[in-house]
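[1] Provide a 3D model corresponding to the input given below.
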Amino acid sequence: MVWLAVSAAIAGAFFLAFGTQRQSTAVRASAGGLSVTGMGLLRLLRSPRWVFGLVLLGMGMTLNVFALASAPLTVVQPIGAIALVITTVVNAREHHIKMNRPTILAITACMVGSAAFVLLAIQVSADEHAITRGQELFTILILAVVVVIFGGSVVLLGHRLGAFFCILGAGVLFGFVAVLVRTISVALLDANGRFLGNVSWYSVLAVIVAGLLGSYFVQNAYSKGPPDLVIAGLTVIDPIVGITIGIAIFGELDRNVQPAMAMSLVGAGCIAIVGVIALSRHHPDVLERKADAKRRAKLVEGR
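    Predicted structure coming up:
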């Protein structure tokens, strides 16, 4: 069942990658690097490219929900890094961007680190993954604090929020969404046959609130940076949040994990993180933006 979940997560990553690329292109054409407001989101609903991207994202999320219901967070979450490679290649072809060596090495690091983490996580996952009401409620209470922090930032700072903050907010919020989607899915598939009777209304509400706020951050991140960099942030921050909760709150790792295996997991995760950091610094689109900013600064000084 775990390998079926992994296959679903991989297929979902393809849909998410192409959906992200479609939406990113539509947002950047509509917003022009500016923040996406409520009215801006309504305009995007009239964009066929954006709507098509939404459909692809929906298909990817459906596959990911199945994967989350069938395997531990520690196994499913890191697989999203595959979307990074797909998005980078598609974006480079569409915008005729030549990937430099540091970018290729960064993508390789993300892939190798994530793949190693998944394979190791499968080996050290606990046999039982029951989630108690107490664990679920504790997770939602933490999410409430996160929503207040990021939601308050939107109210106080608005359009002044930078791309990195948008990526950070989206990654953290969708990390919680993945965790709660797993708890809801497990409850629905419980053998007692109660289905919806097992699902807590506050978990559903929490998913809706976190999903909407996370989507707001994602759309604004699209308008401020390349889609592959946005995906890179999400595929590291999102899994880190999900895996941390899975380990610290849900107890998804085997209690008898050997120190060497634990260190290998940490090392694999660090390799993926280093890859994202390198990508954020050496991506051709990022370098071009920095060069444009310097040229504009010189023009202003010369006046």
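
[2] May I have stretch 95-107 exported as CSV, CA atoms only?
    These are the backbone C-alpha positions of stretch 95-107, laid out as CSV (Å, rounded to 0.1, in the frame of the first residue of the first chain):
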residue,chain,number,x,y,z
HIS,A,95,10.6,31.5,-21.5
HIS,A,96,13.7,30.3,-23.4
ILE,A,97,15.8,30.4,-20.2
LYS,A,98,19.1,28.5,-20.4
MET,A,99,19.8,26.7,-17.1
ASN,A,100,23.3,27.4,-15.8
ARG,A,101,25.4,24.8,-14.0
PRO,A,102,24.6,26.0,-10.5
THR,A,103,20.9,25.6,-11.2
ILE,A,104,21.3,22.1,-12.5
LEU,A,105,23.4,21.1,-9.5
ALA,A,106,20.8,22.7,-7.2
ILE,A,107,18.0,20.8,-8.8
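
[3] Which parts of this structure are helices?
    Counting by DSSP state H, the segments of the chain that form helices are 2-31, 38-44, 48-70, 73-76, 81-94, 101-124, 133-157, 163-188, 201-224, 227-248, 259-282, 284-302.

[4] deepest of those helices, which one?
    For the helices of the chain, average neighbour numbers computed from mean count of other C-beta atoms under 10 Å are highest in helix 73-76, which has a mean of 27. No exception for glycine: its C-beta is placed from N, CA and C like everyone else's.

[5] So Val186 is in contact with Ala69, correct?
    Yes - using C-beta atoms under 8 Å, Val186 makes contact with Ala69 at a distance of 6.1 Å.

[6] if we can go back for a sec, could the helices of the chain be laid out in TSV, adding distance to Arg194?
    Shown next, in TSV, are the helices of the chain (distance: least, C-beta to C-beta, whole Å):
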stretch	distance to Arg194
helix 2-31	23
helix 38-44	37
helix 48-70	16
helix 73-76	24
helix 81-94	35
helix 101-124	30
helix 133-157	14
helix 163-188	9
helix 201-224	14
helix 227-248	24
helix 259-282	36
helix 284-302	50
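
[7] Could I get those helices in JSON lines, plus columns for mean pLDDT?
    JSON lines is the format used below for the helices of the chain (pLDDT from 0 to 100):
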{"stretch": "helix 2-31", "mean pLDDT": "82"}
{"stretch": "helix 38-44", "mean pLDDT": "67"}
{"stretch": "helix 48-70", "mean pLDDT": "83"}
{"stretch": "helix 73-76", "mean pLDDT": "70"}
{"stretch": "helix 81-94", "mean pLDDT": "77"}
{"stretch": "helix 101-124", "mean pLDDT": "80"}
{"stretch": "helix 133-157", "mean pLDDT": "91"}
{"stretch": "helix 163-188", "mean pLDDT": "84"}
{"stretch": "helix 201-224", "mean pLDDT": "87"}
{"stretch": "helix 227-248", "mean pLDDT": "76"}
{"stretch": "helix 259-282", "mean pLDDT": "82"}
{"stretch": "helix 284-302", "mean pLDDT": "71"}
